[in-house]
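[1] sequence and computational prediction follow.
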Amino acid sequence: MSRKQIPVVVLTGFLGSGKTTLLNHLLRRRAGNRIAVVVNDFGAIEIDTMTVAGQVGSTVSLGNGCLCCAVDASELDGYLERLTRPSARIDIVVIEASGLAEPQELVRMILTGDHPHAVYGGLVQVVDAAEFDATRARHPEIDRHISIADLVVLNKTDRVAETEHRRILATLDGLGPGTPVVSATYGRIDPELLFDPAVRPDEEEKARQLSFEDLYEDAHPAHDDHASHDGHLHAAYESVSFTAGAPMNPRRLMAFLDSRPPGLYRIKGFVDFGPADPANRYALHAVGRALRFHPAPWGRGEERLTQLVLIGSGIDREVLLKELHACQETEPRAARDAAADQSGMWGVLRYVPDLTEPEPGYETGSGPEGPEPDMP
Ligand SMILES: Nc1nc2c(ncn2[C@@H]2O[C@H](COP(=O)(O)OP(=O)(O)OP(=O)(O)O)[C@@H](O)[C@H]2O)c(=O)[nH]1
């Protein structure tokens, strides 16, 4: 098994857009995960601090002020190192940044920092639908923030009429072509857009102390304001599963990944490249425009399979499956030829973190047509 990678999600948005509301929603719907939250002003968060990571000792406040100004890379590195240490037993780190912070600086810190257990989990921009025009007038930089986001949450849609809602969606599409946009009220997005349900050994689960989430669910079964929205939540995204017994052709898979369609927000799973690298299976983790492979030796007797889950909104399941099927190398001879093509794996190895150097000029705003950022 490859070592566990903790996604680090950056949650940003202008004052009052609903970041804290969304964070509270994630904390209530965290599916057994322990979430550590890094915020610039803890006082503003109306949550029982026990909710966060289940233990007060793991929470980190960065003090007041702009996160990026207040924290230099080495400080953030220190926090991330502590929070992603296996002993902290954290599953996800969320950094809540004020809208005034420059999100690309934070993303750069995460991507270029030296924290072996952390993996970039995406830049989520919360947008207030009711204040959209006013915010753009006051803070023109919001356009740039939207263009570099991996996921835009258009919040407070209850406060705008349907025509207005559609107009804002069209404007967002113009600002960040291809960036997935999820409409929400009170930040109720499906948490699976950001993280998977926790998988814990039964024994550990039984021994676990009752968390705030358990208590909350017990105390509020009839008042769970999310229950009645489940249909809506699940309608907001679609997940597609792909399994292949034949090895994947590295060049064709990279061509698929490099041109992945707008709206395909996350990809996770394992890839078998067959004879191109018979010793290793490649864990694949993509969020927004960021992509990583983590090779690790196959287990003894482990079945050679490619298993991927693709999550997005407005994606075409049939087209995705067809394209992935076309990446398979079903003829053993063709697979051997592909393996003999020594440069075939280069495109994949570019995205193996240990093999790539941090790129000082990294920008998230390359757009769907731009080059994929290299991971450190
Ligand atoms: N009507 C409506 N109100 C919302 C929605 N989401 C959040 N709010 C309210 O908007 C206000 C601001 O929400 P917060 O979650 O505190 O926003 P924030 O981005 O964390 O704000 P700062 O921490 O000040 O930057 C609160 O009163 C929320 O209850 C929504 O979808 N609809």
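    Thanks, I have it. Numbers count the residues shown, from 1 in each chain.

[2] dump the residue contacts of residue 80.
    8, 93, 110, 113, 115, 118 (CB atoms under 8 Å, 6 or more residues apart in numbering). No exception for glycine: its C-beta is placed from N, CA and C like everyone else's.

[3] and which of the residues you listed is nearest to residue 267?
    Minimum distance to residue 267 across the contacts of residue 80 is 17.6 Å, recorded for residue 8 (CB to CB).

[4] isn't that closest one up against residue 95?
    Yes. Using CB atoms under 8 Å, residue 8 makes contact with residue 95 at a distance of 6.7 Å.

[5] any chance of JSON lines for the contacts of residue 80, columns neighbour count, pLDDT and secondary structure?
    Below are the contacts of residue 80 laid out as JSON lines (neighbours: other CB atoms under 10 Å; pLDDT from 0 to 100; DSSP: H, G, I helix; E, B strand; the rest coil):
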{"residue": "8", "neighbour count": "28", "pLDDT": "90", "secondary structure": "strand"}
{"residue": "93", "neighbour count": "27", "pLDDT": "85", "secondary structure": "strand"}
{"residue": "110", "neighbour count": "25", "pLDDT": "81", "secondary structure": "helix"}
{"residue": "113", "neighbour count": "19", "pLDDT": "75", "secondary structure": "coil"}
{"residue": "115", "neighbour count": "21", "pLDDT": "77", "secondary structure": "coil"}
{"residue": "118", "neighbour count": "20", "pLDDT": "85", "secondary structure": "strand"}
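
[6] out of those residues, which touch the ligand?
    Checked against the ligand using CB under 6 Å from any ligand atom, the contacts of residue 80 give no members in range.

[7] which of those residues sit farthest apart?
    Going by CB to CB, the pair spanning the contacts of residue 80 furthest: 93 and 113, at 11.9 Å.

[8] okay, now the unreliable bits of the stretch 101-250 of the chain?
    Applying pLDDT under 70 to the stretch 101-250 of the chain flags residues 101, 198-237.

[9] up against the ligand, what does it have?
    So the stretch 101-250 of the chain meets the ligand at 155-156, 158-159, 185-187 (CB under 6 Å from any ligand atom).

[10] narrow those residues to just the buried residues.
    155-156, 185-187 (16 or more other CB atoms under 10 Å).

[11] which two in the residues you listed are spaced the farthest apart?
    By the measure CB to CB, 156 and 187 form the most distant pair in those, at 9.2 Å.

[12] find residues that contact each of those two.
    With CB under 8 Å, 6+ apart as the test, residue 156 and residue 187 both reach residue 18.

[13] where along the stretch 101-250 of the chain do the strands fall?
    118-128, 151-155, 181-183, 238-244 (DSSP state E, counting those that start in this stretch).

[14] among those, which is nearest residue 308?
    Judging the strands of the stretch 101-250 of the chain by CB to CB, what sits closest to residue 308 is strand 238-244, at 4.6 Å.

[15] for that closest one, buried residues please.
    In strand 238-244, the ones that count as buried by 16+ other CB under 10 Å are 238-240, 242, 244.

[16] now do stretch 104-121
    104, 106-113, 115, 117-121.

[17] identify the farthest-apart pair in those.
    Spatially, the most separated pair among the buried residues of stretch 104-121 is 104 and 117, at 22.8 Å (CB to CB).

[18] which residues touch the residue nearest to the spatial centre of the chain?
    In the chain, the centroid-proximal residue (CA atoms, centre = their mean) is residue 121; its distance is 3.5 Å. By CB under 8 Å, 6+ apart, the contact set of residue 121 is 7-10, 92-93, 194-195, 287.

[19] over to residue 293?
    Contacts of residue 293 (CB under 8 Å, 6+ apart): 271, 282-285, 348-349, 351-352.

[20] so which of those is the closest to residue 167?
    residue 285 (34.9 Å).

[21] stretch 327-336 spans what distance, first to last residue?
    15 Å (CA to CA, to the nearest Å).

[22] the longest helix along the chain vs strand 151-155, what angle?
    The single longest helix within the chain, with elements called by DSSP state H, is helix 162-175. Relative orientation of helix 162-175 and strand 151-155, computed by axes from the mean of the first three to the mean of the last three CA atoms, to 10 degrees: 160 degrees.
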